[in-house]
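In: Below is the structure, and that's it, no one-letter string:
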């Protein structure tokens, strides 16, 4: 192989003039983390609401949740990001559209909303599955105790359902982190984009990508450990696997 | 808001969108699915019945692929394959690899990791008694897999494999970053040439939705059709 390895590249100053190549990659890692956390928060909130609607005993509620879930699941994330970023500002009234286009950090907000909504469909399906897995008697018992349906969901069903679906939610969290990389197409300077930039400036392709790979592995490990900690903390004595 | 929506623009773009773009997307999807399932089956078998070292290596590969974003893997292979080709063929300099070949290799190797997990799950869901019965009948391990276990795995896992193929179909849109002429790539090039982003991106979304939605409905129907009653 006539590829010139240069692992010292990360310590060399980048042509952007404000630090080293290593710092460039770190800034990308930080951006990936920020977008992931915000998008995951959005996905959890929206997904839980839609998941609850999906679990209601009415055919209309289910259809309503399908209207949310099916488009988000059946359009590629990249196309969804283009829709939010390029198409939405043209379809809303002009003053709003201009405001959107002039937002500082527009790629950042677009990435959070785009990835967040995309993942919310998956979270919704998981939450609905978790709710469906609970014995029917739990709802009945809650109502019999005089709780309103809302209170039953809040205090009885959802706490149990979330515990049931914690493992699949962990992999959805990892998917959220991985999916933020797609936002490089709308100009978000996240980890993959920064690795690309390092490669374009310095021609050290494989060092840059190896660093990005390690970065993703580190974040994923962190996310998995955090979720496992939550799983252990949330475990109820005498319920499920010991 | 749709006052200056130009349907003629989409109409004029249709030949490029479907004859070039969609053909590329579908070819990539089908070849990568076929290659991915084939390689995925081999990986699953190696992981389950290979030696300890082999299954550790396979597990490492599968987990690595599954924890990286596809985009990063696309870039990795795009730059790596010419060097690997040079090494394999003993060429004096990195070989030239076309965009389609690079994308096909990437998707095959990447999706093989996901397919292998599906097939591994399928193999493990077959009751142990079947392998024992096959062994008692005098079948070798390979024969047991070939004639007893795998046919059932592919049958029960067919809906899941189809669902993964739909995911793959949507993921092929990411070759956009290599400026290849897949469906989205063509749509985006025409959109930028004519300044018609709204029309073409909405149309692209609609087409992706229609295809994926129909296919996932089919997968759902298949689920009840192919289930083996035990």
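Out: Here it is on my side, so go on. As the structure is a prediction and not an experimental result, all values here were calculated from the model.

In: And the helices in chain A, which stretches?
Out: A:21-55, A:59-74, A:77-82, A:88-91, A:94-102, A:106-133, A:137-144, A:149-152, A:158-164, A:166-179, A:191-202, A:205-234 (DSSP state H).

In: residues in chain B within reach of chain A, list them.
Out: Within chain B, the positions adjacent to chain A are B:1-2, B:64, B:67-72, B:75-76, B:79-80, B:83, B:86-87, B:93-94, B:166, B:170-171, B:173-174, B:176-177, B:184, B:188, B:197-198, B:201-202, B:204-205, B:208-209, B:212-213, B:216 by CB under 8 Å from any CB of the partner chain. Placement of C-beta: from N, CA and C, glycine included.

In: Sticking with residue B:225, tell me its helix or strand.
Out: Using DSSP states H and E, residue B:225 sits within helix B:197-226.

In: what comes up buried for that helix?
Out: B:197-205, B:207-209, B:211-213, B:215-216, B:219, B:222 (16 or more other CB atoms under 10 Å in any protein chain shown).

In: for stretch A:23-38, same thing?
Out: Within stretch A:23-38, the residues scored as buried using 16+ other CB under 10 Å are A:23-29, A:31-33, A:35-38.

In: who touches it?
Out: A:10, A:14, A:16, A:108, A:111-112, A:115-116, A:176-177, A:180-181, A:183, A:188-195, A:197-198, A:208, A:211-212, A:215-216, A:219 (CB atoms under 8 Å, 6 or more residues apart in numbering or on different chains).

In: redo that, cut-off 7 Å
Out: Stretch A:23-38 is contacted from outside by A:14, A:16, A:108, A:111-112, A:115, A:176-177, A:180, A:183, A:188-191, A:193-195, A:197-198, A:211-212, A:215, A:219, using CB atoms under 7 Å, 6 or more residues apart in numbering or on different chains.

In: Run through those and flag the ones next to chain B.
Out: Intersecting those with the surroundings of chain B, defined as CB under 7 Å from any CB of the partner chain, gives residue A:212.

In: list the buried ones in stretch A:133-149?
Out: A:134, A:139, A:142, A:147.

In: Go ahead and measure how far that stretch is from the middle of the chain.
Out: Between the centre of stretch A:133-149 and the centre of its chain there are 31 Å (CA atoms, centre = their mean, to the nearest Å).

In: Quick check: end-to-end length of that stretch?
Out: 18 Å (CA to CA, to the nearest Å).

In: and for it, what are the contacting residues?
Out: A:152, A:155-157, A:160-161, A:164.

In: how about the residues of chain A that lie near chain B?
Out: A:1-3, A:70-71, A:74-76, A:78-79, A:82-83, A:86-87, A:90-91, A:174, A:178, A:181-182, A:184-185, A:192, A:196, A:205, A:209, A:212-213, A:216-217, A:220.

In: Which PyMOL command selects the buried ones in those?
Out: Buried residues among the residues of chain A next to chain B (16+ other CB under 10 Å), as a PyMOL selection:
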select buried, chain A and resi 70+71+74+75+76+78+79+82+83+86+87+90+174+178+181+182+184+185+192+196+205+209+212+213+216+220
